[in-house]
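Peer 1: from the sequence below, what's the structure:
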Amino acid sequence: MYLLYALFCHSAVISSVQIEVLSFTPLAAMSKGLLYLPVKFKKNFCHDAAVDQAKQLDSAVSLEELKEAVACRKKDMRAGEEGALRQNDTIEEGVAEQLRANCSIHTDDNGQQQENYNKMAEEKCLIQKNYNKMAERKDKLQKNYDKMAEDKAQLQKRNKVLTEVNAQLQKNCSTVWKDYNTLDNDKRQLVTDYNVLAKEKIQRERDYSALETECQTLTREKKRVEEERRTLQQLLEEERDMFQRWNQRVCKPCPQGWEQFYSKCYYFSTERKSWMDGRSDCIKQGADLVVIKSEEEQEFITTYT
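Peer 2: A predicted model of the protein is given here:
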């Protein structure tokens with residue numbers, strides 16, 4: 001049995017780092033149209049490619065770089081397959097002799113190829129683990145991104161609400177400021193009116209004090225005048241009594257323009273004068289102001305007024 005790396009014209013690559021391994025006898029491989037490459041060439045090609053791929057994958061820092069490395073590796077493998085197919089046309093005649101010559105070499109290198117295969121399998125497992133870690137990291141980053149997107153949407157929603165609240169507060173602040181200015185103007189007007197009223201109050205208090213002083217003066221003058229009037233009235237009554245007594249003894253006719261009532265003569269003046277002026281005028285004519293003492297005298301005077 002031979003452990004061979006076979007290249008098919010229509011074979012598919014199982015994974016990004018897997019090379020198909022078949023176990024055929026030389027004759028079976030020939031009957032199936034397989035091309036045996038030299039062992040030394042195949043070993044260097046597979047080993048170096050695996051090492052390069054491991055180095056590329058180990059140096060990858062993100063999932064996208066890993067995918068690009070795998071795609072590049074696939075492209076290189078396809079290019080190698082195409083080159084091998086082209087070489088197949090040129091070395092097809094010497095394949096049988098080369099295979100027979102290398103049969104013993106293949107037998108000797110079979111263990112080395114198995115060892116290389118195991119090493120590549122280990123490297124594949126390591127690469128798969130790195131890939132899984134990268135996938136987990138990608139999922140974690142995706143979750144963090146989704147959470148941050150959700151937080152961003154929530155913050156945008158809150159920001160919108162706060163913006164609306166701020167706009168409403170600005171509007172309310174403008175209204176309050178206008179009201180404050182109106183109230184401040186009203187306050188100033190009230191202070192001005194208060195000052196005017198305070199001045200008017202002071203003036204009214206001064207006027208009141210002056211009026212009160214004048215009232216007190218007039219009250220004293222009234223008392224004096226009333227006292228003088230009572231004195232004059234008393235003198236008038238005494239003079240009238242004396243005149244009546246004298247008139248009863250001698251009764252003369254009333255002067256022209258005067259009206260007689262019993263033993264008295266009355267003069268009704270059409271001029272309007274004060275009490276003092278009227279009394280002074282009466283005294284000048286030898287008479288005095290009327291002092292009504294009876295209802296008859298009242299009726300008499302009423303007929304002429």
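Peer 1: can you pull out the strands in the stretch 151-300 of the chain?
Peer 2: 259-261, 264-266 (DSSP state E, counting those that start in this stretch).
Peer 1: what pairs with the last one, parallel or antiparallel?
Peer 2: If I follow you right, that is strand 264-266. Sheet pairing for strand 264-266, assigned by DSSP bridges, gives strand 259-261 (antiparallel).
Peer 1: neighbouring contacts of the partner strand?
Peer 2: 253-254, 265-268, 297, 300, 304 (Cβ atoms under 8 Å, 6 or more residues apart in numbering). (Each C-beta comes from the backbone N, C-alpha and C, glycine too.)
Peer 1: what about that strand, average pLDDT?
Peer 2: The average of the pLDDT scores along strand 259-261 is 85.
Peer 1: in it, what's buried?
Peer 2: Of all the residues in strand 259-261, not one is buried under the rule 16 or more other Cβ atoms under 10 Å.
Peer 1: low-confidence ranges in the stretch 201-305 of the chain?
Peer 2: 245-251 (pLDDT under 70).
Peer 1: just the helices in it please.
Peer 2: Using DSSP state H, counting those that start in this stretch, the helices of the stretch 201-305 of the chain run over 275-284, 295-303.
Peer 1: nearest to M148, out of those?
Peer 2: Checking those against M148 by Cβ to Cβ gives helix 275-284 as the closest, at 111.4 Å.
Peer 1: restricting to C-alpha, output the closest one in CSV.
Peer 2: In CSV, the C-alpha atoms belonging to helix 275-284 read as follows (Å, rounded to 0.1, in the frame of the first residue of the first chain):
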residue,chain,number,x,y,z
TRP,A,275,-75.4,140.6,59.6
MET,A,276,-72.8,143.1,60.8
ASP,A,277,-73.3,145.5,57.9
GLY,A,278,-77.1,145.2,58.1
ARG,A,279,-77.0,146.0,61.8
SER,A,280,-74.7,148.9,61.3
ASP,A,281,-77.0,150.3,58.6
CYS,A,282,-80.0,149.9,60.9
ILE,A,283,-78.2,151.6,63.8
LYS,A,284,-77.4,154.6,61.5
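Peer 1: okay, now the domains of the chain?
Peer 2: What automatic domain parsing lists as the domains of the chain is 2-142, 251-305.
Peer 1: pick out the shakiest of those, pLDDT-wise.
Peer 2: For those, where the average pLDDT is lowest is domain 2-142, sitting at a mean of 60.
Peer 1: okay, the helices of the stretch 201-305 of the chain in CSV with mean neighbour count and distance to D193 next?
Peer 2: Below are those laid out as CSV (neighbours: other Cβ atoms under 10 Å; distance: least, Cβ to Cβ, whole Å):
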stretch, mean neighbour count, distance to D193
helix 275-284, 13, 47
helix 295-303, 12, 57
